[in-house]
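Engineer: Everything below, folded, please.
(one chain, ligands or ions: 2)
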Amino acid sequence: MVVGEVRVASLVPPAPVDSLTMTLTAPTTSATISPATSPATSTFPASPRIFSGIQPSGAPHVGNDLGAIRNYVALQDSYEAIYCIVDYHALTSTHDPAVLRERTREMATALLALGLDPDRCTVFVQSHRPETTELAWLFTTVTPVAWLQRTPTYKEKRQSQPEDVNHGLLTYPVLQAADIVLYKASLVPVGKDQAAHLELSREIVRAFNGRYGETFPEPKAVFTDAPVVLGTDGVRKMSKSMGNTIEIFAEPDVIRRQVMGMVTDTQRILRADPGRPEVCNVCQLHRFFGDDYAEIWEGEQTARTGCVDTKKLLVQRILDHYAEPRERYRELMADPGRVDRILEEGAERVRPIARATMDEVHAKMGLR
Ligand code: AMP
Ligand code: TRP
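Structural biologist: Ligands and ions are numbered 1, 2, ... in the order given. All right, here's what the predicted structure looks like:
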């Protein structure tokens, strides 16, 4: 995946981060959220359904929240929303059963702490609704191998885990397409790093509909106003696997260390040197944690402020911003039975939708 290509270089202060800002980056692949028209086919839900998945591959970070989770939270009030912790996907890189189980619960707890409300949306674990794997197999039969081989994440993973280029890495996007349309969802809140996966989901759906008749809606990405968030190295995408994250629920000291260690403008050597806020990731992150981004930009550009000041301010703002979710996270982690119940109920709640889709697919494909 090309990282850093969507670095923000705007002087314009952003819209308030809590607002539901959906960007229309490409008409075919992303959606503006407006009153829905229901598709003509009666097998589609009457109003658009939301689905997204997140891997339980480690501690949730600021990139996850800015890129995706804050939209999960916002969308649960306007749509029927289904959110899934994708443990099958995580198996392509995480092979320790105890670790996977623990991370799955942690990710569920994190999503609840950040504002997903089981009374307003459904949260469940992918492997608790195994119909998705059957649909993924059926989808492999309409998916040319070449589409999968040219997926950016597959090429990346071949590099980053050359000792473990398992078949799941190749088929990953097929399972993702199945996740989404098993529930006939058509809107998918994800970070911009997922644009290629979403495009592939659409192609797979088109291939299926083309062969077996109109069955699934083509899913569209819903983006926040955040770019692909860069990591503390200031160069690569913030990602658990790169070890360049700012963790949302880590102890304050860890967050302080992560932020204070961020790489800023490498050409700004002396405190008195003017900075380049457009390439300084600390400044870019301020955009999402306060309403004085323009001032911070100006301070850095004119050397009125130094990198250390700007970082200290960012630490404080991140800690303040996530103070309440951190409290809820602690409470929920102390009550794992409650989280497990929410997840079990979630998987039960979506069972009828999954069964109905599979019945329709079986009939259309000549399986039953
Ligand atoms: P993952 O942790 O890869 O399962 O990602 C979960 C969600 O967070 C997905 O919607 C991603 O697109 C989003 N996401 C992950 N990393 C970033 C990032 N660095 N910037 C923006 N969004 C991200
Ligand atoms: N590939 C996504 C990621 O790495 C996770 C994912 C799996 C997903 N299935 C999904 C996202 C369905 C959206 C919809 O972040």
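Engineer: can you tell me the residue of the stretch 51-200 of the chain closest to ligand 2?
Structural biologist: Of all residues in the stretch 51-200 of the chain, Gly53 sits closest to ligand 2, with a separation of 2.9 Å (Cβ to the nearest ligand atom). For the C-beta atoms, the positions are set from N, CA and C on the backbone; glycine is no exception.
Engineer: so how far is Ala98 from the residue nearest to that residue when sequence neighbours are not counted?
Structural biologist: Once its chain neighbours are removed from consideration, Gly53 has its nearest residue in Val86; the separation is 4.1 Å (Cβ to Cβ, 6 or more residues apart in numbering). Shown here: Val86 relative to Ala98, a distance of 18 Å by Cβ to Cβ, to the nearest Å.
Engineer: Do the helix or strand that contains Tyr88 and ligand 2 come into contact?
Structural biologist: Using DSSP states H and E, Tyr88 falls within helix 87-90. Yes. If you take Cβ under 6 Å from any ligand atom as the test, helix 87-90 does meet ligand 2, through His89.
Engineer: And stretch 64-78, by the same measure?
Structural biologist: No. Stretch 64-78 is not in contact with ligand 2 by Cβ under 6 Å from any ligand atom; minimum separation 7.4 Å.
Engineer: Could you pull out the buried residues of that stretch?
Structural biologist: Of the residues in stretch 64-78, those scored as buried under the neighbour-count criterion (16 or more other Cβ atoms under 10 Å) are 64-76.
Engineer: now stretch 288-297
Structural biologist: Of the residues in stretch 288-297, those scored as buried under the neighbour-count criterion (16+ other Cβ under 10 Å) are Phe288, Phe289, Gly290, Tyr293, Ile296, Trp297.
Engineer: do stretch 144-152 as well
Structural biologist: Neighbour-count burial for stretch 144-152, counted by 16+ other Cβ under 10 Å, picks out Leu148, Thr151.
Engineer: Kindly report the same for stretch 235-247.
Structural biologist: For stretch 235-247, the buried set under the neighbour-count rule, 16+ other Cβ under 10 Å, comprises Val235, Lys237, Met238, Ser239, Lys240, Asn244, Thr245, Ile246, Glu247.
Engineer: ok, the residue nearest to His321 when sequence neighbours are not counted - contacts?
Structural biologist: Excluding its sequence neighbours, the residue lying closest to His321 (Cβ to Cβ, 6+ apart) is Phe289, at 5.5 Å. With contact set as Cβ atoms under 8 Å, 6 or more residues apart in numbering, Phe289 has these partners: Val17, Leu314, Arg317, Ile318, His321.
Engineer: Flag the least confident of the buried residues of stretch 235-247.
Structural biologist: Ranked by pLDDT, the buried residues of stretch 235-247 bottom out at Lys240, which has 90.
Engineer: and that residue, how far is that from ligand 1?
Structural biologist: 6 Å (Cβ to the nearest ligand atom, to the nearest Å).
Engineer: wait, that residue sits on Gly58?
Structural biologist: Yes. Here Lys240 lies in contact with Gly58, judged by Cβ atoms under 8 Å, at a distance of 3.6 Å.
Engineer: Give me the neighbour count for Asp164.
Structural biologist: 13 (other Cβ atoms under 10 Å).
Engineer: What segments of the stretch 51-200 of the chain are strands?
Structural biologist: Residue ranges of the strands in the stretch 51-200 of the chain, as given by DSSP state E, counting those that start in this stretch, are 80-85, 122-125, 187-189.
Engineer: Under the pLDDT cut-off, which ranges of the protein? List them.
Structural biologist: Counting by pLDDT under 70, the low-confidence segments of the chain come to 1-42.
Engineer: Any chance you could note which residues of it sit beside ligand 2?
Structural biologist: For the chain, the contact set with ligand 2 under Cβ under 6 Å from any ligand atom comprises 51-55, 86, 89, 176, 179-180, 188, 190, 194, 197.
Engineer: Those residues also near ligand 1: which ones?
Structural biologist: Restricting those to those adjacent to ligand 1 (criterion: Cβ under 6 Å from any ligand atom) gives Ile54, Gln55, Val190, Gln194.
Engineer: from those, which is closest to Leu343?
Structural biologist: For Leu343, the nearest member of these is Ile54. The distance, counting by Cβ to Cβ, is 13.4 Å.
Engineer: thinking the closest one is in contact with Ala108, fair?
Structural biologist: No. Counting by Cβ under 8 Å, Ile54 stays clear of Ala108, with 9.6 Å between them.
Engineer: Between those two, which contacts overlap?
Structural biologist: With contacts taken as Cβ under 8 Å, 6+ apart, Ile54 and Ala108 have Ile85 as neighbours in common.
Engineer: out of the two, which sits in the busier spot?
Structural biologist: For Ile54 against Ala108, the residue with the higher neighbour count under other Cβ under 10 Å is Ala108, and the figures read 26 against 22.
Engineer: what does stretch 307-318 contact?
Structural biologist: Under the criterion Cβ under 8 Å, 6+ apart, residues 62, 246, 255-256, 259-260, 262, 264-265, 268, 275, 280, 282-283, 285-286, 289-290, 296, 299-300 lie in contact with stretch 307-318.
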